[in-house]
Each structure stands twice: as C-alpha cells, then as structure tokens.
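Undergrad: sequence unknown, structure follows:
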C-alpha cells in the first residue's frame, strides 16, 4: 500500500489510533500519498507485530485504550491524533479513555470518528454522542467526521450476486441510501490531519453519494454482463443472516438494522454531499466506480490471457476506465 515518505524537519508528530482497521489503513495510505512528508506519521495499535505484517512501513506505537495512563504516556510528544472508535461493544468507554489520554498528553488537535445518527436515540447514537460531547468539552481543537454506512458493506451480498444473481435486502428496492467509501474517508481524514487549521471545531458528514438497490442491481448488471436482480427480504431474515452467517454480535446487528431503518433525509442534507470534494478537492467515488473496482467480490473472473493483447470487452475494469470515466 505504501512506504514511509521522507519527513520534513519539525513536521507535526501525528498518530492514527486504531490504524490496523479498515478506516485506519485507508487513512494511513492517504497520508502517505498526499502528505508529501508534511507529517511525522505513526500508527497506534494494540498488536504491533500484527500491524508490521501489513504493507505500510511506518513507525508503530503500542496503545491500550483500556488504560488511560498507558495511553497518555504513549501519546506524549504527539501533536495530532485521529481517534478511530473501536468496533467492540464497550467502544464508548474505550474512546472516552483515548480522549482523556489525549488531554493528559497535551495533544494539540484531535480528529474523531463518529456516525451520522450520533444525535439519535439508537444503539449507535447512544454510543457516539457521549464522545462528541466529551471532545467539545476538553478544550482541545478538534474535528468530528460523521460517517453514513460504508458502501463496502455491500460486499456481504457478494456470494448471492455471484451464485444466485441477486441482491437480498430488506429495504425497498427504490429507497435511496446514503453511503461513503473507505477511500473517501481516508482522503478526508488525511487532509484534515495535514491542515487542521481549516477545520477547527467543525463537524462534518462525509457522504460519497446515494443509491438504491435498483441502482446497485443496474450497475452490477452492466459490469458483470449478466442480469442481477433484487429480492426484498424480511427484516427478521436479514437479522438472522447477520447473526448466523456473518457472525455479527447481537448488539451490532441490532444497531446496524436500527441505522438502516433511519430516514436518510433526516440525517443527511444535500450540502453534505459536497463535503468530500470541498475537503479533498477530488470528486467522491461513485457507485459505478466502486462496483468496477471491486467486480471480483461479486463473482467476476477475469479470463486467462495466454499471450497477445487483452480484449477490453472482456475486462469490466478497462471498460469503465475507457467509457464511464470519460
């Protein structure tokens, strides 16, 4: 994914806490690509040896969110921190510890991950709102990025698309869903960490776009060259899939379903869809780009080419680059 770039003298010392997860890795990659040595980048993880097996060559710091004192000591000397809230059920307590440790360590700027429904009376809302309230009371310059659901969640439909040629989802096929991609989150987090003065004490909702299951079906059909349908399942069937097949913990499955049922228009505005471009200068990843980039997840198998030039008609990625990106 990348290697450490040369760092300029006196570059702000910056740490990504939880850097071994999807958001953390996307942020570190974006920092390496966009930072140009402007930051002295580190990654805070519980398991340093495991992180070293990734392709990102940056310094690591052992951190334990359960222990405020250990965290404060680990963060001492850092200027900026990105706190990525863990995915465990006790994540509110852990992230509150990280915020308190940042205060004790005299961190000068904190970027906090949150969700678009933080202000709602839901499982996830009750987990994230205390974090937003805490960071605003610490007296540390901060930025909050609220995320809708990741488009990467559609990977859970990969097997049914590949084998049964259909998407199974409990929402109405025409219902619009707001989404963000990991790539866009990483870029935004990187830009905010590089230039925090432009974003002090701001709360952003990062929205790559919106789509319906009908839109997803159409995009998959074009990319995979076969008709992909949509089957509306019951919420109970969907929940059983989460619990039994995906092995998602009950609290997380119930929280996700609550989130899926929330009215998108209440929590997302038209202006939110401009935020990613305003921060990064880049257009967000579109649904069609995402499907093309991840076609193999949905069953696309590239033909084996033995010599000669590949026919772009056999490769949806090349088709996208030549046709849809123009």
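TA: Ah, there it is. If you're wondering where the values come from, they're calculated on a predicted model, not measured in any experiment. Numbering: from 1, shown residues only.

Undergrad: from now on I want contacts and neighbour counts done on CA atoms only, so please keep to that.
TA: OK.

Undergrad: run me through the strand neighbours of the helix or strand residue 110 falls within, direction for each.
TA: Taking DSSP states H and E as the criterion, residue 110 maps to strand 109-115. Note on strand 109-115: by DSSP bridges, its sheet partners are strand 80-83 (parallel), strand 142-147 (parallel).

Undergrad: run the chain-centre distance for it.
TA: On the basis of Cα atoms, centre = their mean, to the nearest Å, strand 109-115 sits 13 Å off its chain's mean C-alpha point.

Undergrad: stretch 42-49 too?
TA: 19 Å.

Undergrad: so for that stretch, what's the average pLDDT?
TA: Confidence for stretch 42-49, expressed as mean pLDDT, is 90.

Undergrad: pull out the buried positions in it.
TA: If you call a residue buried by 16 or more other Cα atoms under 10 Å, then stretch 42-49 has these buried ones: 42, 43, 44, 45, 46, 48.

Undergrad: show me the helices in the stretch 1-150 of the chain, by range?
TA: Counting by DSSP state H, counting those that start in this stretch, the stretch 1-150 of the chain has helices at residues 22-34, 48-51, 68-75, 91-104, 123-137.

Undergrad: ok so, going back, now do the strand holding residue 110 against helix 123-137, angle only.
TA: Calculated by axes from the mean of the first three to the mean of the last three Cα atoms, to 10 degrees, strand 109-115 forms an angle of 160 degrees with helix 123-137.

Undergrad: can you give me the angle strand 109-115 makes with helix 22-34?
TA: Interaxial angle, strand 109-115 versus helix 22-34 (the same axes, to 10 degrees): 130 degrees.

Undergrad: comparing the helices of the stretch 1-150 of the chain, which yields the minimum mean pLDDT?
TA: Minimum mean pLDDT among those: helix 48-51, a mean of 83.

Undergrad: so residue 171 is in contact with residue 238, correct?
TA: No. Counting by Cα atoms under 8 Å, residue 238 is not a contact partner of residue 171; they are 10.1 Å apart.

Undergrad: ramachandran angles for the closest residue to residue 91 other than its chain neighbours?
TA: Of all residues not flanking residue 91 in the chain, residue 85 sits nearest, at 6.3 Å (Cα to Cα, 6 or more residues apart in numbering). Reported as degrees, to the nearest 10, the phi and psi values for residue 85 are phi -70, psi 130.

Undergrad: can you start the count at 461 instead of 1 from here on
TA: Renumbered: residue one is now 461, and that last one reads residue 545.

Undergrad: can you give me the strands in this structure?
TA: Listed in chain order, the strands of the chain (DSSP state E) span residues 462-463, 473-477, 500-505, 516-517, 520-522, 540-543, 569-575, 602-607, 626-629, 637-639, 662-665, 669-671, 689-692.

Undergrad: mind checking which of the ones you listed is nearest residue 733?
TA: Using Cα to Cα as the measure, strand 669-671 is the one of these that comes nearest residue 733, at 6.3 Å.

Undergrad: pull up the pairing partners for the closest one, direction included.
TA: In the sheet, strand 669-671 lines up against strand 637-639 (antiparallel) (DSSP bridges).

Undergrad: mind checking how far the strand it pairs with is from the chain centre?
TA: The answer for strand 637-639 is 13 Å, by Cα atoms, centre = their mean.

Undergrad: do you know which of the helices of the stretch 461-610 of the chain lies nearest residue 650?
TA: Nearest of the helices of the stretch 461-610 of the chain to residue 650, taken as Cα to Cα: helix 482-494 at 5.1 Å.

Undergrad: please consider this matter closed, and thank you.
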